[in-house]
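>>> Provided below for reference: sequence and predicted model.
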Amino acid sequence: MSWTLDLLGLVLGFVFLAKGSGWLVEGGSVLGRRWGVTPFVVGLTIVAWGTSLPEVVVSAVAAAKGRPAASLGNVLGSNMANIGMVMGTAAFILPAAFSSRRLVSEGAWLLGSLVLLWWLMADGELQRMDAVLLLGGFVAYNVHLFMGRNRKPADLSAEEASLPKERGVPWRLVLAGSGVIYLGAETVMWAGTRIAEGLGMGDTFLGLTILALGSSLPELFACLTSVRRGDTDMSLGNVVGSNAFNTLAVTGVAGTLSPFGGGEQIDLALSRDLPLCLGFTVLLVVLPSLGLGKWNAFRGKLPGLILLSAYAAYLAYISLAG
């Protein structure tokens, strides 16, 4: 009976996360378009912030409850899930989702954020001042995004254009979505922790798998929605922006609330999981420039297949490593 309730709680939490993020992304996207920013920047900022809220809540709750390994594992695992599962799925369904021009500049920020995290945690700890530096990096990243070069006149759809008649609608969606995301994140954390403890899993494994997959569902739903609409820039921006948000803002918030104090699982995350996350990020940046999408035998889907295969291999490795 206990296992049944835990599994139901986990599924219910995932549903809350997906539904809440859908509302938040819908409202945030309309606001972004009204403000006159390109779809890529909407994906990098508003959509990325909205879909990354589960990571903020899950990591902050984990850190506050004395589970720093789960918090750090959630960030690194979510980043790898975003690249392997989310971007791999998008690139497989719509190969045009890959754009090397976009990834050159923004990918450098992604790699830089991970290198910064690695440098700050070289001693096995993340002190509050280190966390503040990460948050400062997040501010600098967003200043870079809103320098003005990515702005353009708003291009609203017919449905979005009708929303000014009800000015409160986008903000209500944002607020309602945020509340449901919080509820979903708490539910996933509660059920996932109980399941992991029942199976004898460590906090790092918990963060890298159950919590990471659960909190990456909003990115997946948002990415599939944008791909279905043919908006490749927004889907790519969502993945890149979410990963930068996770590394800089989520880890920064968690570290400010509860500094990471070292330990065997933190050392494992730094020696194994952070290098793996760097590898996935390098793959995301380099893969589009290799011209693999031009192979007719795979109808341009080879980059997506490589990302999905890499993520499947990663999950198998983590499962065997425990």
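It's in.
>>> using PDB, write out every CA atom in the strand or helix carrying residue 313.
Taking DSSP states H and E as the criterion, residue 313 maps to helix 302-321. The C-alpha coordinates for helix 302-321 follow below in PDB (Å, rounded to 0.1, in the frame of the first residue of the first chain):
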ATOM      1  CA  LEU A 302      21.300  11.800 -36.600                       C
ATOM      2  CA  PRO A 303      22.200  14.600 -34.100                       C
ATOM      3  CA  GLY A 304      18.900  13.800 -32.200                       C
ATOM      4  CA  LEU A 305      19.700  10.100 -32.200                       C
ATOM      5  CA  ILE A 306      23.200  10.700 -30.800                       C
ATOM      6  CA  LEU A 307      21.900  12.900 -28.000                       C
ATOM      7  CA  LEU A 308      19.200  10.400 -27.100                       C
ATOM      8  CA  SER A 309      21.600   7.500 -27.200                       C
ATOM      9  CA  ALA A 310      24.100   9.400 -25.100                       C
ATOM     10  CA  TYR A 311      21.500  10.000 -22.500                       C
ATOM     11  CA  ALA A 312      20.300   6.400 -22.500                       C
ATOM     12  CA  ALA A 313      23.900   5.300 -22.000                       C
ATOM     13  CA  TYR A 314      24.300   7.800 -19.100                       C
ATOM     14  CA  LEU A 315      21.200   6.400 -17.400                       C
ATOM     15  CA  ALA A 316      22.400   2.900 -17.800                       C
ATOM     16  CA  TYR A 317      25.800   3.800 -16.400                       C
ATOM     17  CA  ILE A 318      24.300   5.600 -13.400                       C
ATOM     18  CA  SER A 319      22.000   2.700 -12.700                       C
ATOM     19  CA  LEU A 320      24.900   0.200 -12.700                       C
ATOM     20  CA  ALA A 321      27.100   2.600 -10.700                       C
END
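>>> could you pull out the buried residues of that helix?
Buried residues in helix 302-321, counted by 16 or more other CB atoms under 10 Å: 302, 303, 304, 306, 307, 308, 310, 311, 314, 315, 318. (C-beta placed from N, C-alpha, C; glycine too.)
>>> wait, doesn't the fifth one sit right on residue 88?
Yes. Shown here, residue 307 and residue 88 form a contact pair, counting by CB atoms under 8 Å, at 3.2 Å.
>>> please compute how far the helix holding residue 313 lies from its chain's middle.
17 Å (CA atoms, centre = their mean, to the nearest Å).
>>> shift numbering so it begins at 794
Yep, numbering from 794; the last one is helix 1095-1114 now.
>>> which strands or helices does it pack on?
The contact analysis (3 or more CB pairs under 8 Å, 6 or more residues apart in numbering; DSSP states H and E) places helix 1095-1114 against helix 861-874, helix 881-886, helix 1067-1079.
>>> immediately after the second one, which helix or strand?
Looking back up the chat, that one is helix 881-886. Per DSSP H and E, the first helix or strand lying C-terminal to helix 881-886 is helix 893-913.
>>> residues making contact with that next one?
Helix 893-913 is contacted from outside by 833, 837, 919, 923, 926-927, 930, 934, 937, 1026, 1029-1030, 1033, 1036-1037, 1040-1041, 1044, 1063, 1067, 1070-1071, 1074-1075, 1077-1078, 1081-1082, using CB atoms under 8 Å, 6 or more residues apart in numbering.
>>> before we move on, what about stretch 974-986?
So stretch 974-986 is contacted by 799-803, 805-814, 817, 846-847, 850-851, 854-855, 863, 999, 1003-1004, 1007-1008, 1011 (CB under 8 Å, 6+ apart).
>>> out of those, which end up buried?
799, 802-803, 806-807, 809-814, 817, 846-847, 850-851, 854-855, 863, 999, 1003-1004, 1007-1008, 1011.
>>> now, the residues you listed that are in helices?
Those of the buried ones among the contacts of stretch 974-986 mapping onto helices are 799, 802-803, 806-807, 809-814, 817, 846-847, 850-851, 854-855, 863, 999, 1007-1008, 1011, per DSSP state H.
>>> who's in contact with stretch 1065-1075?
865-866, 869-870, 872-873, 876-877, 900, 903-904, 907-908, 910-911, 914, 997, 1001, 1036, 1103-1104, 1107, 1114.
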